[in-house]
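J.: Here you go, sequence then predicted model.
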Amino acid sequence: TLLLWHTVFMALVMVVVARGVRSGLERAVSILMPALFVLLLMVVGYAMTTGHFGQAAAFLFQPDFSKLTTSGVLVALGHAFFTLSLGMAVMMAYGSYLPKKISIAKTSITVSVIDTGVALLAGLAIFANGLEPGAGPGLIFQTLPLAFGQMPMGTLFGTLFFVLLIFAAWTSGISLLEPIVEWLEEQKGMNRTIS
């Protein structure tokens, strides 16, 4: 079953990459990522109606330096370096599609601010709904369904969330395959569809 769904997923990734970034990925991302953001805002809005929102804000914005340990810093650094190394080739590939008039510095700052804002909103949504912050990967598949189950119209929002999460994973898969295909196209002269 896993092999079947992985094959379907990779086939969808290859279809978009074969069509190119502008006609494939750009069109999909311009609709799907704002939809995921709107859904996140709705979950945060719901979290504001629960009694735990103040505790969540305090947890996120009032640091307790007594709990800062060397191992915690090392885990954070490892996560940051992993994320940056994984994203470096992707950002280089997408950066090559930017028009020359676009400021890379302004774009970098904008991306950083938006990324941090979304992470903080997700943190507020998670902690205000009484979810366990250290749940790790289980947070998405075990804890978040419980949170959606407590919300009004939770089944609808939960279904939307997981459908949009699939699309977020799809765009990530496209982002990881694109630099390889672009390199084969530019350096080896291969056709995008064949490579």
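T.: Perfect, thanks for sending it.
J.: host element of the residue most central in space within the chain?
T.: The C-alpha lying nearest the average C-alpha coordinate of the chain belongs to Ala168 (C-alpha atoms, centre = their mean; 6.0 Å). Element membership for Ala168, per DSSP states H and E: helix 154-187.
J.: Equivalent analysis for Pro152, please.
T.: Using DSSP H and E, Pro152 falls outside every helix and strand.
J.: before we move on, back to that, please name the residues that touch the residue nearest to the centre of the chain.
T.: Each residue near Ala168 by C-beta atoms under 8 Å, 6 or more residues apart in numbering is listed here: Leu32, Met33, Leu36. C-beta coordinates here come from the backbone N, C-alpha and C atoms, glycine included.
J.: repeat that with 10 Å
T.: By C-beta atoms under 10 Å, 6 or more residues apart in numbering, the contact list for Ala168 reads Val29, Leu32, Met33, Leu36.
J.: Which of the residues you listed sits closest to Gln62?
T.: Of all those, Leu36 has the smallest distance to Gln62: 28.3 Å, by C-beta to C-beta.
J.: so what's the closest residue to that closest one other than its chain neighbours up against?
T.: Leaving aside its chain neighbours, Leu36 sits nearest to Leu164 (4.2 Å; criterion: C-beta to C-beta, 6 or more residues apart in numbering). Contact analysis of Leu164 by C-beta under 10 Å, 6+ apart lists Leu32, Met33, Ala35, Leu36, Phe37, Val38, Leu39, Leu40.
J.: Which element, helix or strand, includes the residue lying closest to Phe161 once chain neighbours are set aside?
T.: Spatial nearest neighbour of Phe161, chain neighbours left out: Leu39 (5.8 Å); criterion: C-beta to C-beta, 6+ apart. Element membership of Leu39, judged by DSSP H and E, is helix 26-49.
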